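Student: How does the following fold in three dimensions:
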Amino acid sequence: MIMQVSQIKFEPYQARNEEDLQARIVAAKQKLGKKLVILGHHYQQEGVYRHADYTGDSLKLSRFAGETDAEYIVFLGVHFMAEVADILSRPEQISILPDLSAGCSMADMANLAKVERSRRELSKVLDFDEKITPVTYINSAADLKAFCGEHGGIVCTSTNAPKILEWAFQQKEKVLFFPDQNLGRWSGYKMGIPLEQMPVWDPDQPMGGLTEEQIKNAKILLWKGHCAVHQMFREQNITKFRAEHPEGLVISHPESPFEVCLNSDYVGSTEYILKTVADAPAGTHWLVGTELNLVNRLAEQMKPQGKTVQFMSHVVCECSTMARIDPQHLAWTLENLVEGNVVNQIKVPAKEAVLAKLTLDRMLAVS
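Tutor: The predicted structure follows:
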């Protein structure tokens, strides 16, 4: 641990220009050297993304967080990602989120109180711990990961969801999947599970809005949650693209609505999207259904190869909470570290961290 000194105030950074902020970030990184590692999610804005030492999707960054030797892990992402970094890193390492308001609207759609209540309600119909494996998407709070650890469950990412579901069904006959119904539905569909056996569980309705028969017949109970960004994509976006570009290709993230995934040529995680487009022949035209910053960055990278990368929606679909990590907050965070002051440390309570790590370790072992 470093000694706490008077914290540098954030307000002056708001008035600094972009060029000054970028220079300050570079200088602070150089001063901190190997004591610092910056992890950046693909959805981050370019002004901070360029400073990441490692970039990737949630699974890839989870691995980096568990392997780095750096004293400070600064996460360019959202709250649950910094929690994962804290859980998987060593006790003496410090996980930092430059802006504490960088949350995830999807993660907020499932909280521990609602999940615990759902467990009690489901237990009126069947033995939850005997019949149901809880599976939480990594886009969730640490206490939900801990809930899964306590009840024989596991964590998944968009990369490994089908493999994780296979593991879950080897444990018990049913799955409660939260918080993203779209990822759960698409992953179950790819496994051959009929849609009628994947009903939506609405935690704000008595018994999830389902009948006892629906619960007993279900293979996957899909939590009523979604990503606000990917929910904006529509089947008509694809129809219009195919009419204008008959030879074009469509690739979507599995957080997109079922009809979008069904009508796409490829469906996969952010890492999968990047690799698929990068490996495609020169001159191909792509419609991409995922967050705007990633699509814009990919479009620029593919121009030299004569590939056209087009954003799926006609409206701006930037993750507003991801965008809260800006150069102002990153410069402020790093310069505080240079001065010996830790700001915005993310620390998961010990008991919660142990149970959450159990689920994350299961995930990493399975995937």
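Student: can I assume Leu32 sits in a strand?
Tutor: No. Counting by DSSP: H, G, I helix; E, B strand; the rest coil, one finds Leu32 to be helix, located in no strand.
Student: Tell me who's in contact with the closest residue to His245 other than its chain neighbours.
Tutor: Distances taken as CB to CB, 6 or more residues apart in numbering put His285 closest to His245, at 5.1 Å, once the chain neighbours are dropped. Any C-beta I mention is one placed from the backbone N, CA and C, and that applies to glycine too. For His285, the contact set (CB atoms under 8 Å, 6 or more residues apart in numbering) comprises 245, 247-249, 307-308, 310.
Student: where does His285 land on pLDDT?
Tutor: Note on His285: pLDDT of 98.
Student: how close does it sit to Ser313?
Tutor: Counting by CB to CB, to the nearest Å, the separation of His285 from Ser313 is 17 Å.
Student: Buried by neighbour count: which residues of stretch 125-134 qualify?
Tutor: Within stretch 125-134, the residues that count as buried by 16 or more other CB atoms under 10 Å are 125, 128, 131-134.
Student: Between the two ends of it, what distance do you get?
Tutor: Length of stretch 125-134, first residue to last, CA to CA, to the nearest Å: 16 Å.
Student: are any of the contacts of His285 buried, and which?
Tutor: Neighbour-count burial (16+ other CB under 10 Å) applied to the contacts of His285 gives 248-249, 307, 310.
Student: Give me the subset of the residues you listed that lies in strands.
Tutor: Those of the buried ones among the contacts of His285 mapping onto strands are 249, 310, per DSSP state E.
Student: tell me which of the buried ones among the contacts of His285 is nearest to Ala365?
Tutor: Proximity of the buried ones among the contacts of His285 to Ala365, judged by CB to CB, is greatest for Leu249, which lies at 34.2 Å.
Student: The closest one against Leu287, yeah?
Tutor: Yes. Using CB atoms under 8 Å, Leu249 is in contact with Leu287, at 7.3 Å.
Student: start to end distance for stretch 333-347?
Tutor: End residues of stretch 333-347 are separated by 16 Å (CA to CA).
Student: Mind listing what's buried along that stretch?
Tutor: 333-338, 341-344, 346.
Student: Backbone dihedrals for the residue nearest to Thr308 when sequence neighbours are not counted, both of them.
Tutor: In this structure, Thr308 finds its nearest non-sequential neighbour in His285, 4.5 Å apart by CB to CB, 6+ apart. With angles defined as degrees, to the nearest 10, His285 sits at phi -120, psi 130.
Student: so how far is Pro91 from His285?
Tutor: From His285 to Pro91 the distance is 50 Å (CB to CB).
Student: Same check on Val354?
Tutor: Going from Val354 to Pro91 by CB to CB gives 12 Å.
Student: And for Gly77?
Tutor: Gly77 sits 21 Å away from Pro91, taking CB to CB as the criterion.
Student: neighbour-wise, which of the two wins?
Tutor: Gly77 (27 against 8; other CB atoms under 10 Å).
Student: Next, the contact list for that one, please.
Tutor: Gly77 sits next to 39-41, 43-44, 61, 97, 102, 322, 325 when contact means CB under 8 Å, 6+ apart.
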